[in-house]
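**Student:** give the three-dimensional model of this entry:
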Amino acid sequence: MPLLSVIVPAYNAAAYLGRALDGLGAVRGIEVIVVDDGSTDGTREVAEAWAARSPESIRVVSQENRGHGGAINTGLASARGDYFKVLDADDWLDIRSLRLLVAHLDVLRETGTEVDAVFTDFVHERVGKSPKAARFDSVFPEGRVFEWSDTERFGRRQVLMMHAIVYRTQLLREVGLALPEHTFYVDNLFVLQPFARLRRMSYLPVPLYRYFIGREGQSVAPEVMVRRVDQQLRVNRLALATLPSHADLAAGGVPRQLHRAMLHHLEGVCAVTSATLARGGTAAHLQQRDLFWHEVRAENPWLYTRMRRSLLGATSNLPGQAGRRATNLAYHVARRVVGFS
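**Tutor:** Numbers count the residues shown, from 1 in each chain. The predicted structure is shown next:
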């Protein structure tokens, strides 16, 4: 049985899929599953060519288009590894770091040690800019299995994106992970839906994931986010539902540090969506923004107050011309915080 399943959702990715797969076939202990999500270019042919070179470790699953979430769902159903990692087709993994991760997972297996997740660092690869590492050594202890009580607060710009997480495969199945199909921005649900179940974790401070930002038409491009803001709202509503209640927190049923980490992630994501709607600027956009916050307030008054009092939450909802300028600034800050720019 492989130690690690690497799932590569791929839709019309022929131009860059080879970069994502390069070197993976030579890493022992992993399986790579390329999910061709109904591509209409040469994605399937590219994937099958790489699988032919490394048939023992790379395989291709083709399906009708179901979107990014549907491709991850298919990958999870097919995965045989102890642990599960998603690699978007326009990103890539640092091979040296991947070998260190596999060695770490091998030690866990050999010692009979089970963790719910392994966290790693990742690197923003921005077009026209120098790479920038996202590190978590100030949050997580290194070199041992730890619990939430052993963690520190996340800094404002430290967000546990999908790129930083390797989940235990069985945990994803136990929580019934099933991401929405034909929907963008489901990465946040992939992070948050299993998150409340995490109890035992480890951290490997290696720059494993290389997150490429700047491809034309990329889902996190500003103009694309405005166009797809309905999908952001759908994901936000589902993501907010993953947060354990404040009553559970007060009763001690949820580790305080876990609740704090989830809230930190949600604040950044909701600030981006709120500011995106303000940036869209039409009456319909502003109505959608107001409706979203009204729903949050009705369903969870404590959460509404907490999020609206945060710097990003407050400045992404100000009225008037001066408010619009502040919102524009908040938009760019929020994008940097969650790693979209």
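**Student:** Tyr185 in helix, strand or coil?
**Tutor:** Three-state assignment for Tyr185 (DSSP: H, G, I helix; E, B strand; the rest coil): coil.
**Student:** so what's it closest to, chain neighbours aside?
**Tutor:** Val235 (4.6 Å; Cβ to Cβ, 6 or more residues apart in numbering). Using the backbone N, CA and C atoms, a C-beta is placed for each residue, glycine as well.
**Student:** I'd assumed Asn188 was in contact with the one you found.
**Tutor:** Yes. With contact defined as Cβ atoms under 8 Å, Val235 counts as touching Asn188 (5.7 Å).
**Student:** now do the shared contacts for the two.
**Tutor:** The contact sets of Val235 and Asn188 overlap at Val269 (Cβ atoms under 8 Å, 6 or more residues apart in numbering).
**Student:** endpoints of stretch 61-73, how far apart?
**Tutor:** For stretch 61-73, the first-to-last residue distance is 12 Å (Cα to Cα, to the nearest Å).
**Student:** how distant is it from the center of its chain?
**Tutor:** 17 Å (Cα atoms, centre = their mean, to the nearest Å).
**Student:** list the residues that contact the residue nearest to Gly280 when sequence neighbours are not counted.
**Tutor:** Closest residue in space to Gly280, ignoring its immediate chain neighbours: Val226 at 4.8 Å, by Cβ to Cβ, 6+ apart. Contact analysis of Val226 by Cβ under 8 Å, 6+ apart lists 276, 279-280, 285.
**Student:** export those residues to a markdown table and tack on secondary structure, pLDDT and neighbour count?
**Tutor:** Output for the contacts of Val226, formatted as a markdown table (DSSP: H, G, I helix; E, B strand; the rest coil; pLDDT from 0 to 100; neighbours: other Cβ atoms under 10 Å):
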| residue | secondary structure | pLDDT | neighbour count |
| --- | --- | --- | --- |
| Thr276 | helix | 86 | 23 |
| Arg279 | helix | 80 | 20 |
| Gly280 | helix | 84 | 16 |
| His285 | helix | 89 | 16 |
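**Student:** show me where the stretch 151-300 of the chain has strands.
**Tutor:** Along the stretch 151-300 of the chain, the segments classed as strands by DSSP state E, counting those that start in this stretch run 165-168, 201-213.
**Student:** and these, which is most packed in?
**Tutor:** With neighbours taken as mean count of other Cβ atoms under 10 Å, the strands of the stretch 151-300 of the chain reach their highest mean count in strand 165-168, at a mean of 24.
**Student:** list of residues touching that one?
**Tutor:** 4, 82-85, 101, 114-120, 191, 194.
**Student:** any idea how far it is from the middle of the chain?
**Tutor:** How far strand 165-168 lies from its chain's middle: 11 Å, per Cα atoms, centre = their mean.
**Student:** list the contacts of the most centrally placed residue in the chain.
**Tutor:** Centrality entry for the chain: nearest residue to the mean C-alpha point is Met162, 2.6 Å, by Cα atoms, centre = their mean. Met162 makes contacts with 86, 187, 190-191, as judged by Cβ under 8 Å, 6+ apart.
**Student:** how near is it to Leu192?
**Tutor:** Distance from Met162 to Leu192, counting by Cβ to Cβ, to the nearest Å: 10 Å.
**Student:** how much space between the residue nearest to the centre of the chain and Met1?
**Tutor:** As for Met162, its distance to Met1 is 24 Å (criterion: Cβ to Cβ).
**Student:** and if you look at Ser54?
**Tutor:** Applying Cβ to Cβ, the value for Ser54 to Met1 is 18 Å.
**Student:** compare the two and say which is more crowded by neighbours.
**Tutor:** Each of Ser54 and Met1 has its neighbours counted (other Cβ atoms under 10 Å); Ser54 has more, 15 against 9.
**Student:** skip the chain neighbours and tell me the closest residue to that one.
**Tutor:** Per Cβ to Cβ, 6+ apart, closest to Ser54 is Gly25, 2.7 Å.
**Student:** over to Ser57?
**Tutor:** Gly25 (5.2 Å).
**Student:** which residues does the residue nearest to Tyr11 when sequence neighbours are not counted bridge with?
**Tutor:** Leaving out its chain neighbours, the residue that sits closest to Tyr11 by Cβ to Cβ, 6+ apart is Asp37, at 4.3 Å. On the basis of DSSP bridges, Asp37 is bridged to Gln63.
**Student:** tell me the contacts of Asp37?
**Tutor:** 9-11, 63, 65-68, 70-71.
**Student:** 6 Å - rerun?
**Tutor:** Applying Cβ atoms under 6 Å, 6 or more residues apart in numbering to Asp37 gives the contacts 9, 11, 65, 71.
**Student:** one more: Met201?
**Tutor:** Contacts of Met201 (Cβ under 6 Å, 6+ apart): 115, 117, 146.
**Student:** switch the cut-off to 8 Å
**Tutor:** Residues near Met201 by Cβ under 8 Å, 6+ apart: 115-119, 140, 145-147.
**Student:** related to what we said a few turns ago, look up how far Gly155 lies from the residue nearest to Tyr11.
**Tutor:** For Asp37, the distance to Gly155 - Cβ to Cβ - is 35 Å.
**Student:** mind listing what's buried in the helix or strand where Val60 lies?
**Tutor:** For Val60, the host element (DSSP states H and E) is strand 58-63. For strand 58-63, the neighbour count (16 or more other Cβ atoms under 10 Å) marks 58, 60-62 as buried.
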